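Asker: Fold the stuff below for me.
(2 chains)
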Amino acid sequence: MSYRNQFNAETQLKLSPFFDRTSQLNESQEWRRWSGYLSATNYELTHENEYFAIRTKAALLDITPLYKYLIQGPDAQRFLDRLVTRNINICKVGQVMYTPWCDEDGKVIDDGTVQRISERKFRITSAEPNLEWLEYNALGMDLIISDDSVTTAALALQGPNSRKILNAVSSDSLNSLKFFWMMDTMFNDIPVSISRTGYTGDLGYEIWMDTNDALFIWDLLLEKGEPYGITPTGLQALDIARIEAGLILLDVDYISSRHAIVESRKSSPYELGLGWAVKMKKKDFIGKQALGREVTRGPEWEFVGIEIEWSELENHYRNVGLAPGLPSTAWRTSTPIYKNSEQVGYATSGAWSPILKRYIALAHVKSHYSKIGTVLDFELKVEHFRKLTSAEVVNTPFFDPERKRSCPE
Amino acid sequence: MSGIKKYDAIVIGGGHNGLTAAAYLGRAGKKVLVLERRYVLGGAAVTEEIFPGFKFSVCSYVVSLMKPNIMRELMLPRFGLELLPLESTFTPLENDYLIRTADADQTFREIARHSLRDAEAYLRFGPLMGQIGMAVRPILETIAPNAIRPSLSDLFAGKKLLDHLKTLTSEQFEYLTKLMTMSSADFLDEWFEFEPLKSTMCASGIIGTFMGPRSPGSAYVMLHHYMGDIDGAFRAWGFQRGGTGAVSLAIARSAEHFGADIMTEAPVEKVIVKNGQAVGVALENGDEYTSDMVISGLDPKLSFLKLVDESDLPSDFVKDIKNFRIRGSSGKVNLALDGLPDFTCLPGDGHHLRGAISISPSYDHLEKAYDDAKYGNFSKAPYMDIILPSVLDPEMAPPGKHVMSCFVQYAPYNIKGGWDDQKRDAFGDAVVNTLARFAPNIKDIILHRQVLSPADLESIIGLTEGNIFHGELTLQQLFSFRPAVKWADYKTPIKNYYQCGSGTHPGGGITGSPGEMAAKKILGQWT
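Answerer: Residues are numbered from 1 along each chain as shown, chains lettered A, B, ... in the order given. Below is the predicted model of the structure:
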């Protein structure tokens, strides 16, 4: 049973166009702030069902708070290619690229996706507002930058059943849409664009629509998705999934160089495990010179996945007469990592992975200690006392199902 | 009773800095006497019941930069220091408004309503100013070295400063240089485009100075105000429960706790100087008190041109003090209200009344206000920084009634023809009329109006020319130059005669710093 209640509180926070529905569905009434929006922490009283929706069914997330910018004009490609570290010149129409972008010192400002909507039109998403930086770097270029954040609503539909649900509502089949590609289609005569992207490391899609169509599309997806287990999902479940996927989060795993205040808080793409996204063969891009020097001398830090050794952890708890206790949700408190009693790094987010049954974390470690298989000491607080337990540097993503990239025969 | 009791130190002026110095000296075991001219303590940080039931922070109305160590060392919370946060800055416009609050998301959204670019820039501006403020604080907190004939300890202090400057990043150094040299308008133009945001932010660059927003040098004054420090949080301004007078009283109670004697209605006529050495003071009523040293909390003009004879001072020093710029540029209007002002752009009661209300809709509003003053008139449409103390502390007014504090700029001390009752009334009318443009109900709810021209601030409070900072906070009057080169270390050319008012480093505002640092300087020398 549930209690009917009338929540009429005034809020000073932004409300997503889906709020009329999400507020009705949020049984826990737990909300977080996401870019000044009220965002559901979890819809049910615990996040577990929502987490498993991501991994076994289909999870529906309101991702409208992402910042979105449209870049249009003859110089749009040249502009973006100079802005980001990946090679936008080879990005085809309908393709999406995940990329970081840097300042002149090669320190990461933000990361997000670049969608090529047409020859001369792109959309770039970001975690923090970037309009000032985009405009600053567009001086003298023939293009228009518009902040699309409020006019475009976005939903993520993530999980193994997501394709089936979309095929049930979409006028076109999603079967041939490849990982990191996008397509325009219709839901009952309403135009939407769908990208095969997400923040869960699973099969999944993101749906981009006009704000005015938001509620209709939400209702339609919930109705058609019902037989496939569609589940409105909050940020707590998402946080575990993205850690399993080894995906970084701005302001948790790193700080934008535009807001870092001190140098030591800034990170290069190499220091965030994004070296693969830096295309040094590209003619020029912001930060290239500094990154070139970093390639020569090697990055000082690296960003790695670690797995905390279970039996040692269990022993620490046994010694105080307790069964192992772990936070049931993902944590974001910086946690020291040692080697031979010297601190050599810190983990910035971690979680017990319910699908892998492993205790995993994302960590910054000095490069010398970043090799796969290196065993480090992870700080653990057991009954108010600090203990050390072994943690091994392992490959990420921790969880990487084949369905993420595959297409049906 | 003349000459009966001998004190270790006599402090002239029971303002908050004089009291702070007295408390620190008392804390070190010295026997101190504080002499205040008025019936009430506090100087410019004073609360008075001007109209029955309504308490006014007559002059100074907010607290910032009060160093946490002073609060702790003098145990001020125990003696009544209670600083309430001022939550917001509200700028009413003709058909719209701008409000900045303590919440980053809320402020981002509000600024973005006017300019997305500014909202983003604002995210970076605050932390950067905080960093610059942090970089400057150690400079402000160092006892200013003698730049002309440095002693060994001056050289040491100078080296410490240079070492500190070396720790600044190139970006910090760049902005520090800009802040030291530019006008606040030019500085803010590099960052923002929405003018009411800029004109409101730059207003703190003109407070207490005889400059407009486009006058070079005003950017530094803005930084000075940006360093407001409540509970260690940068740029937080606070309101003292009971008005600013309660800050002074808390310090006074602390000083008494440490053994100080405090006398009110005891105006000092002269510092008694014998053989080039201060040995006591003579009151206007003829009483004399002797002491090992005399410390003046008054402004430099009074401390050196009135309390002592010029013949006791070196002529170049007298010249420096005469040249010290202390031009009063502001007035104060305190209103007892039957209710709350109702702003056309944001009607009704709300969060916007809990903080500062800034009448600063554009650069031109401020610059035109300055133009009037430049040519010897008060501003017909002045800049105002307003708070409603009774919204924060209901005990400031009877239930349901309110008090409103309006800091008004510009009102030049040297107004054409001099200040008189008629001009004071006209000035009060200009303030109310300007306010009524944004809150038309104001005229109907005024129960009592107290208008203070700079001439009134001089005659009532004792601020020469009515300057609220004991001298403008422009760069050439700061640090090693405040109040005069070679005498920025709280000493004076007269032996055992010291200074501890806002006219000394690091300057004005309810900071306690001059009083604290003067006392610490004295104690360091005095074993």
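Asker: Please spell out the segments of chain A that come in under the pLDDT threshold.
Answerer: Filtered on pLDDT under 70, chain A yields the residue ranges A:1-2, A:5-7.
Asker: Which positions in it make contact with chain B?
Answerer: A:12-14, A:33, A:35-36, A:129-132, A:135, A:147, A:258-259, A:261, A:263 (CB under 8 Å from any CB of the partner chain). C-betas here are computed from N, CA, C, even on glycine.
Asker: For the stretch 301-450 of chain B, which residue gets nearest to chain A?
Answerer: The minimum distance from the stretch 301-450 of chain B to chain A, using CB to the nearest CB, falls at residue B:351 (8.7 Å).
Asker: Assess the claim that that residue and residue B:88 are in contact.
Answerer: Yes: with contact defined as CB atoms under 8 Å, residue B:351 reaches residue B:88; the gap is 6.0 Å.
Asker: which of those two has more neighbours?
Answerer: Ranked by neighbour count (other CB atoms under 10 Å in any protein chain shown), residue B:351 and residue B:88 place residue B:88 first, with 21 against 14.
Asker: so what sits against both of residue B:351 and residue B:88?
Answerer: B:99, B:101 (CB atoms under 8 Å, 6 or more residues apart in numbering or on different chains).
Asker: returning to that earlier point: Provide a PyMOL selection command restricted to the buried entries of the residues of chain A next to chain B.
Answerer: A single PyMOL command selects the buried members of the residues of chain A next to chain B (16 or more other CB atoms under 10 Å in any protein chain shown):
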select buried, chain A and resi 13+14+35+36+129+130+131+132+147+258+259
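Asker: and which of the residues of chain A next to chain B is nearest residue A:98?
Answerer: When the residues of chain A next to chain B are compared for distance to residue A:98 (CB to CB), residue A:130 wins out at 15.4 Å.
Asker: Return the residues in contact with the closest residue to that closest one other than its chain neighbours.
Answerer: Using CB to CB, 6 or more residues apart in numbering or on different chains and skipping the chain neighbours, the partner closest in space to residue A:130 is residue A:110 (5.8 Å). Applying CB under 8 Å, 6+ apart, we find residue A:110 in contact with A:100, A:101, A:126, A:127, A:128, A:130, A:250, A:256.
Asker: Just grab the bridge partners of residue A:110 for me.
Answerer: Beta bridges link residue A:110 to residue A:101, judged by DSSP bridges.
Asker: I'd like to know how far it sits from residue A:251.
Answerer: Relative to residue A:251, residue A:110 is positioned 10 Å away (CB to CB, to the nearest Å).
Asker: Now for those two: what residues contact both?
Answerer: Contacts common to residue A:110 and residue A:251, judged by CB under 8 Å, 6+ apart, are A:127, A:128.
Asker: ok, residues contacting the longest helix along chain A?
Answerer: Across chain A, the helix with the greatest residue count (assigned by DSSP state H) is helix A:214-225. The contact list for helix A:214-225 (CB under 8 Å, 6+ apart) reads A:16-18, A:20-21, A:58, A:60, A:64, A:153, A:155, A:157, A:161, A:165, A:168-169, A:187-188, A:190, A:192, A:207, A:209, A:230, A:232.
Asker: Please repeat the previous calculation with a cut-off of 6 Å.
Answerer: Residues outside helix A:214-225 that contact it (CB atoms under 6 Å, 6 or more residues apart in numbering or on different chains) are A:17, A:18, A:21, A:58, A:153, A:165, A:168, A:169, A:187, A:209, A:230.
Asker: secondary structure element for the closest residue to chain A within chain B?
Answerer: Using CB to the nearest CB, residue B:105 is the residue of chain B that sits closest to chain A, at 3.7 Å. Per DSSP states H and E: residue B:105 is located in helix B:104-114.
Asker: May I see the buried residues of the helix or strand following that helix?
Answerer: Later in the chain than helix B:104-114, the nearest helix or strand by DSSP H and E is helix B:116-141. Judged by neighbour count (16+ other CB under 10 Å), helix B:116-141 contains these buried residues: B:116-123, B:125-126, B:128-133, B:135-137, B:139-140.
Asker: again, but for stretch A:297-308
Answerer: Applying 16+ other CB under 10 Å to stretch A:297-308 flags A:299, A:301, A:302, A:303, A:304, A:305, A:306, A:307, A:308 as buried.
Asker: Look up how far chain B lies from the residue lying closest to residue A:230 once chain neighbours are set aside.
Answerer: For residue A:230, ignoring the flanking residues on the chain, the nearest one in space by CB to CB, 6+ apart is residue A:58 at 4.8 Å. Residue A:58 sits at a distance of 31 Å from chain B (criterion: CB to the nearest CB, to the nearest Å).
Asker: and if you look at residue A:281?
Answerer: Look at residue A:281 and chain B: by CB to the nearest CB, they are 31 Å apart.
Asker: Can you report phi and psi for that residue?
Answerer: When quoted as degrees, to the nearest 10, the phi and psi of residue A:281 stand at phi -80, psi -10.
Asker: Now it. Nearest residue, chain neighbours left out?
Answerer: Using CB to CB, 6+ apart, the closest residue to residue A:281 is residue A:87 (7.9 Å).
Asker: if I look at the spatially closest residue to residue A:244 that is not a sequence neighbour, how far off is chain B?
Answerer: Of all residues beyond its chain neighbours, the one nearest residue A:244 is residue A:399 (4.0 Å), with distances taken as CB to CB, 6+ apart. Per CB to the nearest CB, residue A:399 is found 32 Å from chain B.
Asker: Let me see the contact set for residue A:399.
Answerer: Residue A:399 is in contact with A:201, A:244, A:356, counting by CB under 6 Å, 6+ apart.
Asker: any chance of those in JSON lines, plus secondary structure and distance to residue B:109?
Answerer: JSON lines is the format used below for these (DSSP: H, G, I helix; E, B strand; the rest coil; distance: CB to CB, whole Å):
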{"residue": "A:201", "secondary structure": "coil", "distance to residue B:109": "32"}
{"residue": "A:244", "secondary structure": "helix", "distance to residue B:109": "33"}
{"residue": "A:356", "secondary structure": "coil", "distance to residue B:109": "39"}
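Asker: Ranking by neighbours, what's the top pick from those?
Answerer: Neighbour counts for the contacts of residue A:399 peak at residue A:244, which has 28 neighbours (criterion: other CB under 10 Å).
Asker: what sits against it?
Answerer: Residues in contact with residue A:244 (CB under 6 Å, 6+ apart) are A:353, A:398, A:399.
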